[in-house]
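need a structure here:
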Amino acid sequence: MEKQVAIVGAGISGLLVCKYCLSKGFNPIVFDLEPDIGGVWLKTMKTTSLQETTDLYNFSDFPWPDSLLGHFPTQQQVMEYLRSYANRFDLMPHIKLQSRVEGISYDGPSSSQTWSLWNGIGQSSKGKWSVTVNDLKTATTQVYVVDFVILCLGRFKDIPNIPQFPVGNGPEVFCGKAIHSMEYATMDHDEAAAFVKGKKVVVVGFGKTGLDIARECSSVNG
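Below is the predicted model:
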C-alpha cells in the first residue's frame, strides 16, 4: 500500500521533496497557503536578481534553459524555472494551493522507535498523522490522515523579525510610516515605487533584502 506523505510548503524544498517521494513510490500531497508555488521567490520584489550564479543554483536533474541570458536571473525568471520544474516532473497534480494548514496531530505510539521504523518499505508503526487544512478557495476544512509529515516552510516563513522597543519609544511615536521588508515585498512594482517616491527612507539591515530595497528606493528617487 502506498505511503501517504503530507508536505507543508511548495517552495524549492517542497518541490524537491514531492519529486523524491514520487520517485520512491509514495503518494505525496503538498499544501501551500499562497496562490502559486515558489515560496519566498513568489513574494520577492521583481527587481531582485539571484545572488548566486546559475551553475551554483539549479536542480541537478533540470538545467536552466539555454534561452536564459546572463548568470543572475531575475525574480520572474526564477519563478518560470520553478514552474517549469514542477510541470516537467508532473508535480502540480499533487499540490494544493491556497490551502492553510491549521493543525497537525499524531495518533500512535510515542517513542523514538516510531521514527526508526518508518523507512518506506512497509516496516512502519501503526501511528498516523492528522493534518487539518483550510481550503481558502472554498472556505472549507478537511482533515487528511497520512503516514508521515514533512515541513518545508523555510527558516522564517511569514514571521517578521521586528525588534522590541521600550514603551513610548517605538513606531507608535514615529511620525512617518514604519513597515517590515516582508510588507514591502508584497507590493507590486508600481505600488512600491509610489510608496517611496519623494520620501526619505531609512533601511535598517544590511543583508540582501535591505540592499535590494535601498537600491530600489534610490532608483525611484533618482
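
okay but Asp32 is in contact with Ala6, surely?
No: proximity of Asp32 to Ala6 does not meet the contact threshold set by C-beta atoms under 8 Å, at 11.8 Å. Where C-beta positions appear, they are placed from N, C-alpha and C, glycine not excepted.

If you count surrounding residues, which of those two has more?
Between Asp32 and Ala6, counting by other C-beta atoms under 10 Å, Asp32 is the more crowded of the two (25 against 22).

which residue sits closest to that one in space, ignoring its chain neighbours?
Computed as C-beta to C-beta, 6 or more residues apart in numbering, the closest residue to Asp32 that is not its neighbour in sequence is Ala10, at 3.7 Å.

Tell me how the protein divides into domains.
4-151, 171-220 (automatic domain parsing).

average pLDDT across the shortest one?
To tie it back to what came earlier, the one meant is domain 171-220. For domain 171-220, mean pLDDT rounds to 89.

can you check the first one too?
Across domain 4-151, pLDDT averages out at 89.

just to revisit the earlier point, out of the domains of the chain, which gets nearest to Ile159?
Counting by C-beta to C-beta, Ile159 lies closest to domain 171-220 out of the domains of the chain; the figure is 8.8 Å.

which SS state does Gly103 fall under?
Following DSSP: H, G, I helix; E, B strand; the rest coil, Gly103 is assigned to strand.

What number of residues are in the vicinity of the closest residue to it other than its chain neighbours?
Once flanking residues are discounted, Gly103 sits nearest to Thr132: 4.3 Å by C-beta to C-beta, 6+ apart. Neighbour count for Thr132, taken as other C-beta under 10 Å: 14.

And for the one 10 residues further on?
The criterion is other C-beta under 10 Å. On that basis, Gln142 has 12 neighbouring residues.

Could the C-alpha coordinates of the particular helix or strand that has it in it be exported in CSV?
Assigned by DSSP states H and E, Gln142 belongs to strand 140-146. The C-alpha coordinates for strand 140-146 follow below in CSV (Å, rounded to 0.1, in the frame of the first residue of the first chain):
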residue,chain,number,x,y,z
THR,A,140,-14.0,24.5,3.8
THR,A,141,-11.9,22.5,6.2
GLN,A,142,-10.7,18.9,5.7
VAL,A,143,-8.6,16.5,7.8
TYR,A,144,-6.1,14.4,5.8
VAL,A,145,-4.8,11.2,7.5
VAL,A,146,-1.3,10.4,6.4
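
Mind giving me the packing neighbours of that strand?
Packed against strand 140-146 by the contact rule (3 or more C-beta pairs under 8 Å, 6 or more residues apart in numbering; DSSP states H and E) you find strand 4-8, strand 128-135.

Who's the closest spatial neighbour of the residue most central in space within the chain, skipping the chain neighbours?
The chain has Gly39 as the residue nearest its centroid, 2.2 Å off, counting by C-alpha atoms, centre = their mean. Leaving aside its sequence neighbours, Gly39 sits nearest to Gly11 (C-beta to C-beta, 6+ apart; 2.0 Å).

backbone phi and psi for the closest residue to Lys43 other than its chain neighbours, please?
Distance criterion C-beta to C-beta, 6+ apart; nearest residue to Lys43, sequence neighbours excluded, is Ala185 at 5.3 Å. Backbone geometry at Ala185, expressed as degrees, to the nearest 10, gives phi -70, psi -20.

Let me know whether Ala185 touches Trp41 as I believe.
No: assessed by C-beta under 8 Å, Ala185 is found out of contact with Trp41, at 10.6 Å.
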